[in-house]
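S.K.: Sequence and predicted structure are below.
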Amino acid sequence: MKLPVLAAALLVALPLTAQIRKAKTQVPPIVVPPAVERQVVAVETDNSALVLLVEENGQVFTAHYGPRVEAPEQFIGARGKGEDYNVCDGLAYPATGGRFVGEPALQVKYADGTHNTELSFTGTTTTQRGNCISTEVQLLDYVTQLQVKLVYDAYPREDVIAQHVEILNGGKKPVELLNYASAALYVDADEYLLTHFWGAWAAEMQLEHERLGHDMKVIESRRGVQATQGNNPSFLLSLNTSDFSETSGEVIAGALAWSGNFRLSFDRDSGGRLSILGGISPFASAYPLGAGERFITPEMIFTWSANGAGGASRNLHRWARQYSVYDGGNVNPTLLNSWEGAYFNFTTETLLRMMDDAAGMGLEMFVLDDGWFGNKFPRNGDKAGLGDWEVNSAKLPEGIEYLASYAHSKGLKFGIWIEPEMVNPQSELAHAHMDWVVQSPGREVYQGRNQWVLDLSNPAVQDFVFGIFDRTMQLAPGIDYIKWDCNRVIQSFGSPYLGTEQDRFFVEYCQGLYSVMQRIRDKYPRVMIQCCSSGGGRVDYGALRYCNEIWTSDNTDALSRASIQYATSLIYPACVMASHVSAVPNHQTGNVTPLKFRFDMACSGRLGMELQPRTLSADEKALAQRCIGSYKAYRDLVFSGDLYRLASPCDGSYYGLMYVSPDRSRAVVFTYCLQYESRNVGGKVFRLQGLDPARTYQVVEQNVDRSCWWGNGQTFTGDFLMGGGFNPRLPQLYSSAVFVLEAQ
Ligand code: DGJ
């Protein structure tokens, strides 16, 4: 056969070629979005502004996030350094598709297999709800009819902007959301110092400062639950510096309000600009969206401050107390928790005597921790009983009502522990409802702390979990406080309920949790809820919408707590930070610290005790009583004052912090020595902050007969105290001192 003939034969035989030809004839016309008027959309707070620039072609860019600019429309026409239509950097919500080739906030897979989305501006609206000014930017993909609404809620006084996104499938066929970040920010600085938090159980919220290079930095959790025990979904970004400063320089802080898998990314482009994305982790979560369906992302909260990390933290704290934490800023009671004092080993008598001691020392609540439930499979250790939430009649024959009313008769509130998302294989629940357990067909259902996770994506499980809370509340009239624990991560994930839609699992687990929490709050608005999760495992602004406080860490060693609480305070307010005085040697670290040091550390958050008070001597009980008494007198400052960090426990031998009342008339100062320095060094000068320089303050050390500061009891001007005059002697390892300042 001659060659041309062969070629022709091959062409005829190749069906692919024919398909391509056929497809060519079906190419749809190119859709050109209508031109729009060039304009800016400014989202403003008292001191900051996020300025978006709408171009004529409908693309929306971030022109500015930083100090407030009085006439933001001046940004029209000024894309400046960021102007590069060939790569499309700086989009306000970058979507995979068009000219954009970077890390997407949004990636959608359409029914025809394509991944291209190009969002065009269709309009913007601004509304006011109370103190919040909400700006919506509406975007549309004219080809696929995907609608995206960028929502920016600005809190002017707190300089906070909370972003979220609503994605509506306006097309006729289902799509899959592969990436669906809550927010995108684009900033331009010469240098970026990223401060973020990593950790592990009993060592949560470890601080790391990192200069960002040109590679992508990702902070992620794929743990499903206990999402924050490793990384926390939050960060601070110091601009134009490689030094972390509490007091000066531009800092952006961000936090995602989500208790499930999350992802924050920081991508510095070749021009030096930084793209920041934050949202739900796309890991195994290609979220399906049917025609007409909508997905609403969680909120990503941002603040900008020109006053260093301290300014950024205070903005977040003020916002959180006012708008985010459940009953934020309210004083939560001091308490004795039974866990480290009794573990699983108690009787009614044990608990009554603990209550006597708690009341005697002036505490205000008793919390019965793990171990009170399960009969067929009694909860006498962590191997059995989870899931069977009836009172263990062998241990507590008189029931919970008896305990609660005894507590109330002593003037104590009463709280109780539950871990409703979990089940031990050794439980009646596991035998009855294996179909409620998170699992993957045909694979081992791995245990963590001898327990499995219940599948909260299943509405029946949501009802069950709500029922646990509801029934626990009925165990006694006037249950004041529930400690909600969650002690393992999700592994070998899968939901028997979701069938082939397993991609929904991680998202719908967390949504299921929130819907249960909402039902709880609708029915029990006044009960206090502690978000525990092994300590530190669920520290995020999503859970805090329903919870009054967090259990900061299972590590109760006051030395370890210095750095954990310090780092937590960078993002979260002190009113949520539960902090307990426990026994020595510490049960986690073995460390031995003085009782006063333990109190002085715990008093910088929500004070509690977690030990068997019987083991305290009379002198120790007297000191406890004294510390608890003085705490009650100044704790309003801890719960609602402004925090100033004076010295970092991560940087040197001393740690110091203070809370100042909003009117600057009162303050409480906490100082600690964490590492011995030669006495010849002369101690530490703490420069106080946040006081009124012109006012005079009386300074009184708490809980001592002889003060460690030469000026104790005297009055000093604010400028003296802030200018270097305050140098309490903290001569030894674990020396500590607490001072109350009152303006005269
Ligand atoms: C972990 C919590 O963090 C502890 O405080 C305690 O409640 C135990 N679980 C109980 O099992």
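M.R.: Now that the structure is in, tell me what you want to look at.
S.K.: For the ligand, what's its nearest residue on the stretch 401-550 of the chain.
M.R.: residue 535 (4.3 Å; C-beta to the nearest ligand atom). All C-beta atoms are positioned from the backbone trio N, CA, C, and that covers glycine.
S.K.: same check, this time on the chain
M.R.: For the chain, C-beta to the nearest ligand atom, closest residue to the ligand: residue 370, 3.5 Å.
S.K.: ok, now which ones touch that residue?
M.R.: By C-beta atoms under 8 Å, 6 or more residues apart in numbering, the contact list for residue 370 reads 339, 343, 344, 379, 382, 417, 419, 485.
S.K.: Spell out which strands sit alongside the longest strand seen in the chain in the sheet and which way each one runs.
M.R.: As assigned by DSSP state E, the longest strand anywhere in the chain is strand 175-188. Strand 175-188 sits in its sheet next to strand 106-109 (antiparallel), strand 273-280 (antiparallel), strand 287-289 (antiparallel), going by DSSP bridges.
S.K.: any idea how far the residue nearest to residue 615 when sequence neighbours are not counted lies from residue 593?
M.R.: Distance criterion C-beta to C-beta, 6 or more residues apart in numbering; nearest residue to residue 615, sequence neighbours excluded, is residue 583 at 6.5 Å. Applying C-beta to C-beta, to the nearest Å, the value for residue 583 to residue 593 is 11 Å.
S.K.: mind listing what's buried in stretch 316-336?
M.R.: 316-329, 332-336 (16 or more other C-beta atoms under 10 Å).
S.K.: Quick one: distance of it to the chain centre.
M.R.: 14 Å (C-alpha atoms, centre = their mean, to the nearest Å).
S.K.: first to last residue in that stretch, what's the distance?
M.R.: Stretch 316-336 has its terminal residues 29 Å apart, counting by C-alpha to C-alpha, to the nearest Å.
S.K.: Show the average pLDDT along that stretch.
M.R.: Here stretch 316-336 scores 97 as its mean pLDDT.
S.K.: Alpha carbons only: can I get the longest strand of the chain in CSV?
M.R.: Extracted in CSV, the C-alpha atoms of strand 175-188 (Å, rounded to 0.1, in the frame of the first residue of the first chain):
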residue,chain,number,x,y,z
VAL,A,175,-21.4,21.5,40.3
GLU,A,176,-18.7,20.6,42.8
LEU,A,177,-17.0,23.2,44.9
LEU,A,178,-13.4,22.1,45.1
ASN,A,179,-12.1,25.2,47.0
TYR,A,180,-14.4,27.6,48.7
ALA,A,181,-12.5,29.9,51.0
SER,A,182,-14.2,32.3,53.3
ALA,A,183,-12.0,35.2,52.4
ALA,A,184,-9.2,36.5,50.4
LEU,A,185,-6.9,39.4,51.3
TYR,A,186,-4.1,40.9,49.2
VAL,A,187,-1.5,43.0,50.9
ASP,A,188,1.6,44.8,49.8
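S.K.: Show the contacting residues for residue 497.
M.R.: Residue 497 neighbours (C-beta under 8 Å, 6+ apart): 435, 455, 457, 458, 460, 461.
S.K.: I figured residue 547 was touching residue 532, is that so?
M.R.: No - contact between residue 547 and residue 532 fails when scored by C-beta atoms under 8 Å: they sit 9.2 Å apart.
S.K.: between those two, what contacts are shared?
M.R.: With C-beta under 8 Å, 6+ apart as the test, residue 547 and residue 532 both reach residue 484.
S.K.: Tell me which of those two has more neighbours.
M.R.: residue 532 (27 against 22; other C-beta atoms under 10 Å).
S.K.: For that one, give me the pLDDT.
M.R.: 97.
S.K.: Just give the closest residue to residue 104, not the sequence neighbours.
M.R.: Going by C-beta to C-beta, 6+ apart, residue 104 has residue 96 as its nearest residue, at 4.2 Å.
S.K.: Next up, the contacts around that neighbour.
M.R.: Here residue 96 is in contact with 104, 106, 107, 108, 115, 116, 117, 178, 179 (C-beta under 8 Å, 6+ apart).
S.K.: can I get those residues in JSON lines with pLDDT?
M.R.: Formatted as JSON lines, those follow (pLDDT from 0 to 100):
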{"residue": "104", "pLDDT": "97"}
{"residue": "106", "pLDDT": "98"}
{"residue": "107", "pLDDT": "98"}
{"residue": "108", "pLDDT": "98"}
{"residue": "115", "pLDDT": "98"}
{"residue": "116", "pLDDT": "97"}
{"residue": "117", "pLDDT": "98"}
{"residue": "178", "pLDDT": "98"}
{"residue": "179", "pLDDT": "98"}
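S.K.: what two of the residues you listed are the furthest from one another?
M.R.: Greatest spatial distance in the contacts of residue 96: 116 and 179, 13.6 Å, computed using C-beta to C-beta.
S.K.: Between those two, which is the more surrounded one?
M.R.: residue 179 (22 against 16).
S.K.: And the protein, split by domain according to the record?
M.R.: 185-324, 335-643, 645-743 (automatic domain parsing).
S.K.: Can you pull out the residues in contact with the longest helix seen in the chain?
M.R.: Ranked by residue count under DSSP state H, the longest helix found in the chain is helix 618-640. With contacts defined as C-beta under 8 Å, 6+ apart, helix 618-640 is touched by 321, 329-332, 334, 357, 360-363, 574-575, 581, 595-596, 599-600, 603-607, 609, 613, 616, 659-662, 666-668, 702-703, 738, 740.
S.K.: Next secondary structure after it?
M.R.: strand 642-647 (DSSP states H and E).
S.K.: any idea of the mean pLDDT for that next one?
M.R.: Computed over strand 642-647, the average pLDDT equals 98.
S.K.: That strand: what's the following helix or strand?
M.R.: strand 654-660.
S.K.: Residues contacting that next one, please?
M.R.: Outside strand 654-660, the residues that reach it (C-beta under 8 Å, 6+ apart) are 562, 566, 569, 574, 604, 637-638, 641-649, 666-674, 684, 686, 688-691, 730.
S.K.: Name the strands paired with the helix or strand hosting residue 265 and say parallel or antiparallel.
M.R.: Using DSSP H and E, residue 265 falls within strand 262-268. The strands beside strand 262-268 in its sheet (DSSP bridges) come out as strand 216-221 (antiparallel), strand 273-280 (antiparallel).
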